[in-house]
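A.B. asks: take a look and give me a structure for this.
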Amino acid sequence: MRETLLTATCTLRAPLAEVAALLIAVEAGPVGPTNAWLVDRGVGGATLAGGPTLFDYASPEGTGTLEVEPGRSIRYTGGWWYRATYTLFEDGPWTRVELRVDNAAAQPAWIVRSFNPGWRDVLQNGEQQFERRMRDAARRLDCEVDFA
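C.D. replies: Numbers count the residues shown, from 1 in each chain. Purely as a prediction, here's the structure:
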């Protein structure tokens, strides 16, 4: 059963192509500031294998799958229960960025909540992490960011 657990949106005042070049830049190899930046948890040691649109993610914290639609979206499925999708939309001259976190487990969301204490951290800190990453993206793109 798929259920959206969190959504967050912002507008980066930069063209879609520039935003996509930063946020959707993904290739096999180490994860870091210039590769799969959106899924970099900053713990070090994370790598991607595969490509060009489907990757296996491995880090000291666990494994997952990364799917890329070039210029449009990046989707990370972590562990057994959640899927985070960043999608880019052209919004006039700017770019709207949407984050959706969905229950990816075969079980209903209440089971995930009952048996996985990690879900609270993802949901409680998800909007803050999104804002922090988008402010960093705006800094790197030398543009302004507006949160909806």
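A.B. asks: next, the buried residues of the top helix by length along the chain.
C.D. replies: Determined from DSSP state H, the single longest helix within the chain is helix 118-141. Neighbour-count burial for helix 118-141 flags 119, 122, 126, 129-130, 133-134, 137-138, 141 (criterion: 16 or more other Cβ atoms under 10 Å). (Glycine included, C-beta is placed from N, CA and C.)
A.B. asks: what mean pLDDT does it have?
C.D. replies: In this model, helix 118-141 has a mean pLDDT of 84.
A.B. asks: I would like the residues contacting the helix or strand just after it, please.
C.D. replies: Later in the chain than helix 118-141, the nearest helix or strand by DSSP states H and E is strand 145-147. Applying Cβ atoms under 8 Å, 6 or more residues apart in numbering, the contact partners of strand 145-147 are 8-13, 131, 134-135, 137-138.
A.B. asks: also stretch 39-53?
C.D. replies: Outside stretch 39-53, the residues that touch it by Cβ under 8 Å, 6+ apart are 26-33, 35-36, 55-61, 64, 66-70, 74, 76, 84.
A.B. asks: could you redo the last one with a cut-off of 6 Å?
C.D. replies: With Cβ atoms under 6 Å, 6 or more residues apart in numbering as the test, stretch 39-53 has contacts from 28, 30-32, 36, 55-61, 68, 76.
A.B. asks: if we can go back for a sec, need the CA coordinates for the longest helix of the chain. PDB is fine.
C.D. replies: Extracted in PDB, the C-alpha atoms of helix 118-141 (Å, rounded to 0.1, in the frame of the first residue of the first chain):
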ATOM      1  CA  GLY A 118      13.400   5.200  12.100                       C
ATOM      2  CA  TRP A 119      10.300   6.500  10.300                       C
ATOM      3  CA  ARG A 120       9.800   9.200  12.900                       C
ATOM      4  CA  ASP A 121      13.300  10.600  12.200                       C
ATOM      5  CA  VAL A 122      12.700  10.700   8.400                       C
ATOM      6  CA  LEU A 123       9.400  12.400   8.800                       C
ATOM      7  CA  GLN A 124      10.200  14.800  11.700                       C
ATOM      8  CA  ASN A 125      13.500  15.900  10.200                       C
ATOM      9  CA  GLY A 126      12.500  15.600   6.500                       C
ATOM     10  CA  GLU A 127      11.200  19.200   6.000                       C
ATOM     11  CA  GLN A 128      14.200  20.600   7.800                       C
ATOM     12  CA  GLN A 129      16.600  18.500   5.800                       C
ATOM     13  CA  PHE A 130      14.800  19.500   2.600                       C
ATOM     14  CA  GLU A 131      15.100  23.200   3.500                       C
ATOM     15  CA  ARG A 132      18.800  22.900   4.400                       C
ATOM     16  CA  ARG A 133      19.600  21.100   1.200                       C
ATOM     17  CA  MET A 134      17.600  23.600  -1.000                       C
ATOM     18  CA  ARG A 135      19.300  26.600   0.800                       C
ATOM     19  CA  ASP A 136      22.700  24.900   0.000                       C
ATOM     20  CA  ALA A 137      21.500  24.300  -3.600                       C
ATOM     21  CA  ALA A 138      20.600  28.000  -3.900                       C
ATOM     22  CA  ARG A 139      24.000  29.000  -2.500                       C
ATOM     23  CA  ARG A 140      25.800  26.700  -5.000                       C
ATOM     24  CA  LEU A 141      23.600  28.000  -7.900                       C
END
